[in-house]
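Asks: Only the shape, not the letters, is given here:
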Ligand code: 0GY
């Protein structure tokens, strides 16, 4: 794995949709720069640098005001690249960290001061070597006040994860709705299982994101729009949205971020839904203090 990959579109179009003032891109990442912040020895992909400056230029081009930067697996539990981006954002970014579960309270508070407001548990075998549930639960029990857990899994392991998810003692955010097969439609087995999860506790949020990963029918991702809109309409206070730029490890297809933004009014068709999805809900999770 020596070749560094580019996973983002070189010239994203300007979206037609105009996000409301204060809108948050609540799922994006930075890579490196590698010379300053090397990738993890356990990284499953080796990306080109996707710097804070590039992220902020895209934020402005797409019409967003703020970012939530999620620590990507290629940086392991060394959060310096993400903290560097938050520090450079002029207060316009917050973050989600990946931590060694043995992290001390003092180190967690350093992350809080650096703008982190949650930790991510990644269960994708193609991205991480192990996901120790007992250790994850232990650290989830001693997070700074107001933090939450972001969890990333695929639909086929959801039922097996239910006892673990039930035991998490803080609010949760599920990345990309736990990757349902959206071609099954809004009432397909994957969406029904995800709805059962949402019904199991009121503090589970989700990201109706990543049409490019979830809908292999391709841009304009009609299956995604059809399956996801009812979920946003039924749970308007529990969703947050993001571009997923720089689209980690996407090699086959480089999604146009302008088109990704134009999915927003198709899944959140009213100004009220858009405000909740893009402003009110992420503000509650990331800018409460
Ligand atoms: C995402 C999705 C992916 C990767 C990562 O941390 C990561 O490397 O999150 C993926 O490959 O599906 O949410 O960015």
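Replies: The structure has been received and is ready for your questions. What you are looking at is a predicted structure, and each value in this text was computed from that prediction instead of being measured. Residues are numbered from 1 along each chain as shown.
Asks: where does the stretch 51-200 of the chain come near the ligand, residue by residue?
Replies: Residues of the stretch 51-200 of the chain lying close to the ligand by Cβ under 6 Å from any ligand atom are 72, 73, 74, 127, 175. Glycine gets a C-beta too; all of them are placed from N, C-alpha and C.
Asks: which two from these end up farthest apart in space?
Replies: 74 and 175 (15.7 Å; Cβ to Cβ).
Asks: Looking at the two now, which is surrounded by more residues?
Replies: Here residue 74 and residue 175 are compared on neighbour count by other Cβ atoms under 10 Å; more neighbours surround residue 175, at 24 against 21.
Asks: Can you tell me which of the residues of the stretch 51-200 of the chain next to the ligand lies closest to residue 118?
Replies: residue 175 (11.3 Å).
Asks: Tell me, please, where in the stretch 51-200 of the chain the pLDDT is lower than the cut-off.
Replies: Along the stretch 51-200 of the chain, the model assigns pLDDT under 70 to no residue.
Asks: Can you identify each of the strands in it by residue range?
Replies: Secondary structure of the stretch 51-200 of the chain (DSSP state E, counting those that start in this stretch): strands at 66-70, 93-97, 116-122, 148-152, 172-174.
Asks: The second one: how far from the chain's middle?
Replies: Spelled out, that is strand 93-97. Averaged C-alpha coordinates place strand 93-97 at 10 Å from its chain's average position (Cα atoms, centre = their mean, to the nearest Å).
Asks: Ok, the last one next?
Replies: Strand 172-174 has its C-alpha centroid displaced from the chain centroid by 9 Å (Cα atoms, centre = their mean).
Asks: Make JSON lines out of the strands of the stretch 51-200 of the chain and add distance to residue 20 and mean neighbour count.
Replies: Shown next, in JSON lines, are these (distance: least, Cβ to Cβ, whole Å; neighbours: other Cβ atoms under 10 Å):
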{"stretch": "strand 66-70", "distance to residue 20": "12", "mean neighbour count": "26"}
{"stretch": "strand 93-97", "distance to residue 20": "18", "mean neighbour count": "25"}
{"stretch": "strand 116-122", "distance to residue 20": "21", "mean neighbour count": "23"}
{"stretch": "strand 148-152", "distance to residue 20": "23", "mean neighbour count": "22"}
{"stretch": "strand 172-174", "distance to residue 20": "21", "mean neighbour count": "23"}
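Asks: I'd like the ones you listed as TSV, with distance to residue 48 appended.
Replies: What follows is the strands of the stretch 51-200 of the chain, written out as TSV (distance: least, Cβ to Cβ, whole Å):
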stretch	distance to residue 48
strand 66-70	17
strand 93-97	21
strand 116-122	21
strand 148-152	22
strand 172-174	28
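Asks: who's in contact with the residue of the stretch 101-250 of the chain found nearest the ligand?
Replies: Closest to the ligand within the stretch 101-250 of the chain is residue 248: 3.8 Å, counting by Cβ to the nearest ligand atom. By Cβ atoms under 8 Å, 6 or more residues apart in numbering, residue 248 lies in contact with 7, 29, 31, 45, 47, 72, 73, 74.
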